[in-house]
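>>> have a look at this prediction, sequence included:
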Amino acid sequence: MAAVRRGAACLRFLRKHVNVLFSNGKPAVHRLSKWTGITHRHVVFLSVGGGLCAVPFRQTESLSHESLIRRAASLVTDSSSTFLSQTTLALLDAFTQYSKAVHTLIGLHKRYLASLGKLTPAEEDSIWQVIIGQRAEVNERVNECKSFESSWFNAVKLCETAAEAAYNSGAEQASVTVMTNIQLATSQVEDARKISVNADKMLAEAKVMEVEKMTAYSSTQENDDEEEIPEAYLRED
């Protein structure tokens, strides 16, 4: 019953205003036609309690194929940039760990050379076991660097392809952003690679020094042995 009363009241309200519009002549008709045009374009009619109530709404512009492609290209550049960022971090960490392992190995060699002739056979064997283990870690770090470097190169190629696709689809800003990320990542990797190359040079120099010192030590030992032999013969005589 309440719904019926509200419907009847709404109908009376509409009839009253319609009568007023038509009773006032042309101006009212002009106003009615004006609002009727708006109603056809931007109004949805809803039935409430038996009456009609107009609810205005804003039309949403449909997305074109071009805009959807641009959005998709932008998403591709975002994903490829994330891939590049993760592989860059992994490669930088691999270069850092490799450099640390190399410097540790160099330190072990220096300690061994400094203690030549002062160690018992057991102590010398123990040091060599540590050196061999450190060499194995250096080789493991080398393989890790190669693996991450391969992934990093793939990430760079993917980013370059995504940048080209974004540019061709009209997403110029996304293309510029990913190209900037490539340049930054390349700069960081080059700096880290220089550090690892420097560590390689230091290791090579340490090996040369080790060979020279071991050769000199062996020569000294041989000379000592040669000097001791005549003395032994003299004592026997």
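In hand now; what should we look at?
>>> pull the number of nearby residues for Ser169.
Neighbours of Ser169 under the rule other C-beta atoms under 10 Å: 20. (C-beta placed from N, C-alpha, C; glycine too.)
>>> what sits against the closest residue to it other than its chain neighbours?
Spatial nearest neighbour of Ser169, excluding adjacent residues (C-beta to C-beta, 6 or more residues apart in numbering): Ala73 at 4.3 Å. Ala73 makes contacts with 162, 165-166, 169, 171, 174, as judged by C-beta atoms under 8 Å, 6 or more residues apart in numbering.
>>> now do 6 Å
Residues near Ala73 by C-beta atoms under 6 Å, 6 or more residues apart in numbering: 165-166, 169, 171.
>>> most neighbours among these, which one?
Ala166 (27 neighbours).
>>> now do the host helix or strand of that residue, average pLDDT.
Ala166 belongs to helix 121-169 when assigned by DSSP states H and E. Averaging pLDDT along helix 121-169 gives 94.
>>> tally of neighbours for Met202?
So Met202, with other C-beta under 10 Å, has 15 neighbours.
>>> just list the residues touching it, thanks.
Ile106.
>>> cutoff 8 Å now
So Met202 contacts 102-103, 106 (C-beta under 8 Å, 6+ apart).
>>> returning to that earlier point: helix or strand right after the helix holding Ala166?
Immediately after helix 121-169, counting by DSSP H and E, sits helix 172-236.
>>> got the angle for that next one vs helix 121-169?
160 degrees (axes from the mean of the first three to the mean of the last three C-alpha atoms, to 10 degrees).
>>> average model confidence for helix 172-236?
pLDDT averaged over helix 172-236 gives 79.
>>> closest to Val178 out of the contacts of Ala73?
Ranked by distance to Val178 (C-beta to C-beta), those are led by Ala166 at 7.0 Å.
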